[in-house]
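Asker: Everything below, folded, please.
(chains A and B)
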Amino acid sequence: MNGAIGGDLLLNCTDMSVLERQRAHLKYFNPSFDSPLAGFFADSSMINGGEMDGFLATAGLNLPMIYGETTVEVDPRMSIPLETTLGTGNFKKRKFDTVTKDCNEKKKMMNREEVTEGEEEEKSKITELNNGSPKSIKKMKIKAKKEENNCSNDSSKVTKELEKTDYIHVRARRGQATDSHSIAERVRREKISERMKFLQDLVPGCDKITGKAGMLDEIINYVQSLQRQIEFLSMKLAVVNPRPDFDMDDIFAKEVVSTPMTVVPSPEMVHSGYSHEMVNSGYSNEMVNSGYVHFNPMQQVETSSDPLSCFNNGQAPSMWDSHVQNLYGSLGV
Amino acid sequence: MQPTSSMNEEFLKKWQMGLQIFRPSIDNTSVHERKKAIKLSADVAMASLRKGTTCWSRALIEKTATEDNFLVRQMLSGIKAEALINKKLPKKIVCHRKIVRRSKKILRRKSKSASEEAAAKAKRLVKRRTQGLRNVVPGGELMSNDVLLLQETLDYIVSLQTQVNVMRSIVDAAEAEIER
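Answerer: Numbering: from 1, shown residues only, chains lettered A, B, ... in the order given. All right, here's what the predicted structure looks like:
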């Protein structure tokens, strides 16, 4: 019956956006899948024994349609995460069929079966989908209609349906257009705004900016500044080290000791007065003008006064000294 | 999401492996050559961390390979990721200028009301910015839709931050030692 399923799966709730409702359906079908947003960039080292496939493994659940569109030309193997426990492969290239509650249970059972399938089967299925119906994926047919319990009779039929073509049947909200195009448009817009929210968290100083254009501007500036920083730092390294050969053990000890650092932008470098190349390249001027000076003044002071502090973290200074000496011994400095 | 220390470690490991390949050929070369080598190996290491799952990483490897194929191949074989150099990329999006210009002319005749014009202007701004973002992010021109672009940007930013963190820490340590 149409009783309440769970606390956060009020499928008839009109407050949830279209995207959220899709996610809720996903969540319902795949109970092991925790929070779609938190897992967006899960620490991929935890997944699959340290491989970085985690990006797609977690993101794949959130972004079925994207990978359906863009990875069609690409080797399907690449886009399939090696994670079978999450059963992500099933959801990757599909649109979801959300049927009413009675069918949901049957689907749940079926999904569990699929989850326990071998990886090979998933791959072959998805390859089929990939090759067989690129067009259907690209068209993005999203229908808004009221579903009856037609599928309550045969679960096998449901299985077949799900395997072949899956469409997201979403109910349009009251007072909004039920046009399939507008719903698709709305989903796309919601996805974009969600990504923008993530970007807002990532790019420093973006919380005050509203609107796509301004945000994009900030993002572009930030990426360019990061790229310039990398150029500058690599130039610096080339100058500082006579040989590009570091002692691996010492570097590892260093990294183990250091905490994950947030990126402190280059005004720090300006203040501590580093080498001449910086001034020559005009880098310092650019950074000051771009208005990032206000970032993290606290960290700035710390790191410039004691560059070793980020590595020290409570360890005895003697250990660090010996490490550094070994490092520079190998460098021949 | 900030780059984690495990990411830092992985990147560092790969970077080291890449740099080791340069060891014999670099000892007596100029600063610029060294800088190029360092940056190249850092970029390749960063891209290989993603193991071909993201578009920007593939595009980055492709780009560095065209500049200096031999070195990149060596590096990738060093870090045992040779397959990455052969990954296919989606086709580049080509806009024919004539068609675009004609359609713009037609569009301009249409909307005259104030609110529509404002909305159109905002849209134009956003489009220009997304085009700018595509130019900045490696492989941006190859991404067909905005959602993918934003996602790749996210991942790219995180990788860049990792790179900057690691490089900065090494530079700081180097400077500290020299000051002694």
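
Asker: just for chain B, where's the confidence low?
Answerer: Scanning chain B for pLDDT under 70 picks out the ranges B:1-3, B:21-29, B:52, B:68-72, B:74-94, B:110-112.

Asker: repeat that for 90
Answerer: Chain B contains residues with pLDDT under 90 at B:1-124, B:127, B:130-153, B:155, B:158-160, B:162-180.

Asker: can you pull out the helices in it?
Answerer: B:5-26, B:31-49, B:55-67, B:69-78, B:97-110, B:114-136, B:146-179 (DSSP state H).

Asker: Kindly export stretch B:136-146 (C-alpha atoms) in CSV.
Answerer: Extracted C-alpha coordinates of stretch B:136-146, given in CSV (Å, rounded to 0.1, in the frame of the first residue of the first chain):
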residue,chain,number,x,y,z
VAL,B,136,41.2,26.6,-18.4
VAL,B,137,40.4,23.0,-17.5
PRO,B,138,42.3,20.5,-19.6
GLY,B,139,40.0,18.7,-21.9
GLY,B,140,37.3,21.2,-21.4
GLU,B,141,36.4,21.5,-25.0
LEU,B,142,35.7,17.9,-25.2
MET,B,143,33.0,17.8,-22.6
SER,B,144,29.7,17.9,-24.1
ASN,B,145,27.6,19.2,-21.2
ASP,B,146,27.8,21.6,-18.4
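
Asker: Any part of it near chain A?
Answerer: Yes - using C-beta under 8 Å from any C-beta of the partner chain, stretch B:136-146 reaches chain A at B:V136, B:V137, B:M143, B:S144, B:N145, B:D146. In this view, the C-beta of every residue, glycine as well, is placed from N, C-alpha and C.

Asker: What residues does the first one make contact with?
Answerer: To tie it back to what came earlier, the one meant is B:V136. Residues in contact with B:V136 (C-beta atoms under 8 Å, 6 or more residues apart in numbering or on different chains) are A:I220, A:V223, A:Q224, A:Q227.

Asker: And the helix or strand the last one falls within, what does it pack against?
Answerer: Using DSSP states H and E, A:Q227 maps to helix A:212-240. Here helix A:212-240 is seen to pack against helix A:180-202, helix A:276-280, helix A:283-289, helix B:31-49, helix B:114-136, helix B:146-179 when contacts are counted using 3 or more C-beta pairs under 8 Å, 6 or more residues apart in numbering or on different chains; DSSP states H and E.

Asker: Compare the ones you listed and give me the one nearest A:G214.
Answerer: Nearest of these to A:G214, taken as C-beta to C-beta: helix B:114-136 at 8.8 Å.

Asker: tell me the centre residue of chain B?
Answerer: In chain B, the centroid-proximal residue (C-alpha atoms, centre = their mean) is B:P138; its distance is 3.8 Å.

Asker: Am I right that that residue is in contact with B:I61?
Answerer: No - B:P138 sits out of contact with B:I61 when judged by C-beta atoms under 8 Å, with a separation of 9.2 Å.

Asker: Report the buried members of the contacts of B:V136.
Answerer: Among those, the ones that count as buried by 16 or more other C-beta atoms under 10 Å in any protein chain shown are A:I220, A:V223, A:Q227.

Asker: show me the residues around the first one that make contact.
Answerer: Yep, that's A:I220 we're talking about. Counting by C-beta under 8 Å, 6+ apart, A:I220 makes contact with B:R129, B:G132, B:L133, B:V136.

Asker: Tell me how far the second one lies from chain A.
Answerer: Distance from B:G132 to chain A, counting by C-beta to the nearest C-beta, to the nearest Å: 5 Å.

Asker: Chain neighbours aside, what residue packs nearest to that residue?
Answerer: A:I220 (5.2 Å; C-beta to C-beta, 6 or more residues apart in numbering or on different chains).

Asker: Could you check the pLDDT of the one you found?
Answerer: Here, the pLDDT recorded for A:I220 equals 92.

Asker: Next: the one 4 residues further on.
Answerer: We note a pLDDT of 93 for A:Q224 in this prediction.

Asker: do A:R186 as well
Answerer: Looking at A:R186, the pLDDT reads 91.

Asker: next one: A:M287
Answerer: 38.

Asker: low-scoring stretches of chain A, by residue?
Answerer: A:1-181, A:192-216, A:218, A:230-333.

Asker: A:Y28 should be in a helix, yeah?
Answerer: Yes - assessed by DSSP: H, G, I helix; E, B strand; the rest coil, A:Y28 belongs to a helix.

Asker: Tell me the spacing between it and chain B.
Answerer: 23 Å.

Asker: How about A:L19?
Answerer: Distance from A:L19 to chain B, counting by C-beta to the nearest C-beta: 11 Å.

Asker: can you pull the contacts of that residue?
Answerer: Counting by C-beta under 8 Å, 6+ apart, A:L19 makes contact with A:V187, A:E190, A:K191, A:E194.

Asker: Provide the secondary structure category for it.
Answerer: Classification of A:L19 using three-state DSSP returns helix.

Asker: same check, this time on A:A177
Answerer: coil.

Asker: That one: neighbour count?
Answerer: 13 (other C-beta atoms under 10 Å in any protein chain shown).

Asker: Show the contacting residues for it.
Answerer: Going by C-beta under 8 Å, 6+ apart, A:A177 touches A:I183.

Asker: so what's the backbone phi/psi at it?
Answerer: phi -60, psi 140 (degrees, to the nearest 10).

Asker: cool, A:I209 as well?
Answerer: Per degrees, to the nearest 10, the backbone of A:I209 is at phi -90, psi 130.

Asker: Could you grab the helix/strand/coil label for A:D207?
Answerer: Applying three-state DSSP: A:D207 is coil.

Asker: could you measure it against B:K14, distance?
Answerer: When distance is defined by C-beta to C-beta, to the nearest Å, A:D207 is 34 Å away from B:K14.

Asker: more neighbours, these two?
Answerer: B:K14 (23 against 9).

Asker: Quick check: the more buried one touching B:K51?
Answerer: No - if you go by C-beta under 8 Å, B:K14 and B:K51 don't touch, sitting 11.0 Å apart.

Asker: how many other residues sit next to the residue of the stretch 51-200 of chain A found nearest chain B?
Answerer: Chain B sits closest to A:R195 of the stretch 51-200 of chain A, with a gap of 3.8 Å, by C-beta to the nearest C-beta. Per other C-beta under 10 Å, the neighbour tally for A:R195 reads 22.

Asker: cool, and B:K105?
Answerer: Neighbour count of B:K105, defined by other C-beta under 10 Å: 9.

Asker: what's the closest of the helices and strands packed on helix A:212-240 to B:R101?
Answerer: Across those, closest to B:R101 is helix B:114-136 (C-beta to C-beta), at 14.6 Å.
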